[in-house]
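Colleague: mind folding the following:
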Amino acid sequence: MWQLLFLVFPVVFLLVITFWSVEFFRLKPDFTFANWAFIYTRGYFYDAYVLTFGMAIFSAIVISAIAFPCAYAIAFKFRKSARQLALLLLIIPFFTSYLVRVYAWQVVLADSGVVNMLLSWLSLPPVAMLNTLGGTLIGYATLCLPLVTLLQLLSLIYVDRNLVEASHNLGCGRLGTIWHVIIPSARIGIMVAALFCFILTFGDFVSPLYLGGGLRTVLSTVIIDTVKSGQQWPQAAVVAVTMIMTLLAVALAAIWFAYRRPK
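Modeller: Numbers count the residues shown, from 1 in each chain. The predicted structure is shown next:
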């Protein structure tokens, strides 16, 4: 009942709205494919789709790669007390709003911000970081890195240590053990963490707007701009449904890869 009320019904209603029309800035129940034709014939939609998908994939890969050494060190190198402290430190960022953290990054990355002040003290030229693609990716990392590390850690903690010892006894080095034993054993958690990262960054609009300056249009900003231009909720719903279908396809592919049996 919970899933029907808060997931299935809103998605179905969103899909229904895509066939409605707008008359005098008000939604009018209708059955027309004009909204789908309008969105799918606009070049800016495909540009935003490719950019959003590419940035989400890139963020999922890079953030997962950064998070894995942290999660591995906490799971295999830390004592129990230090591990508990690390878990607390991973959870603390969620005590504050994501928007507040993004505003804090504006202070750090601005042309007269903390980083460029340090560079000026070192007699180095300033670097443009705010309102750039790099700033957007930093915002994505702020959003996802603690969560990805936490999910990977929860998976690595339960890796059978006997398998690790057996790998070393059979002559496998440390890196080989990580690649052939630990990563396959924690594959499901690693894939789920990357999937969460993809989902969060694919639909995020805060970082592209406040750290990227809105200079590159992503799908979330397309939805905002579409709604603002004449209350075109049906056209915005088309973009939203397209995003949902993309997320479902990626999620199913990731789950299949995570749970498939190796040959």
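Colleague: after the helix or strand F58 falls within comes which helix or strand?
Modeller: Using DSSP states H and E, F58 sits within helix 43-76. Using DSSP H and E, the next helix or strand after helix 43-76 towards the C-terminus is helix 80-91.
Colleague: need the contact partners of that next one.
Modeller: With CB atoms under 8 Å, 6 or more residues apart in numbering as the test, helix 80-91 has contacts from I74, A75, F78, P146, T149, L150, L153. Every residue, glycine included, has its C-beta placed from N, CA and C.
Colleague: PyMOL command for the buried members of the residues you listed?
Modeller: Selection of the buried residues among the contacts of helix 80-91 in PyMOL, burial being defined by 16 or more other CB atoms under 10 Å:
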select buried, resi 74+75+146+149+150+153
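Colleague: which of the contacts of helix 80-91 sits closest to Y103?
Modeller: For the contacts of helix 80-91, the residue nearest Y103 by CB to CB is P146; the value is 17.7 Å.
Colleague: tell me which two of the contacts of helix 80-91 sit farthest apart.
Modeller: Using CB to CB, the pair of the contacts of helix 80-91 lying farthest apart is F78 and P146, separated by 16.4 Å.
Colleague: any weak-confidence spans in the stretch 101-250 of the chain?
Modeller: Low-confidence segments of the stretch 101-250 of the chain (pLDDT under 70): none present.
Colleague: ranges for the helices of it?
Modeller: Remark: helices assigned in the stretch 101-250 of the chain by DSSP state H, counting those that start in this stretch are 114-121, 133-156, 161-169, 174-177, 183-185, 187-202, 206-210, 219-228, 233-259.
Colleague: may I have the first one as PDB, with CA atoms only?
Modeller: Read it as helix 114-121. The C-alpha trace of helix 114-121 is given here as PDB (Å, rounded to 0.1, in the frame of the first residue of the first chain):
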ATOM      1  CA  VAL A 114      39.600  30.400   0.300                       C
ATOM      2  CA  VAL A 115      41.400  28.400  -2.400                       C
ATOM      3  CA  ASN A 116      42.300  31.400  -4.600                       C
ATOM      4  CA  MET A 117      43.400  33.300  -1.500                       C
ATOM      5  CA  LEU A 118      45.800  30.500  -0.600                       C
ATOM      6  CA  LEU A 119      47.100  30.500  -4.200                       C
ATOM      7  CA  SER A 120      47.700  34.300  -4.100                       C
ATOM      8  CA  TRP A 121      49.700  33.900  -0.900                       C
END
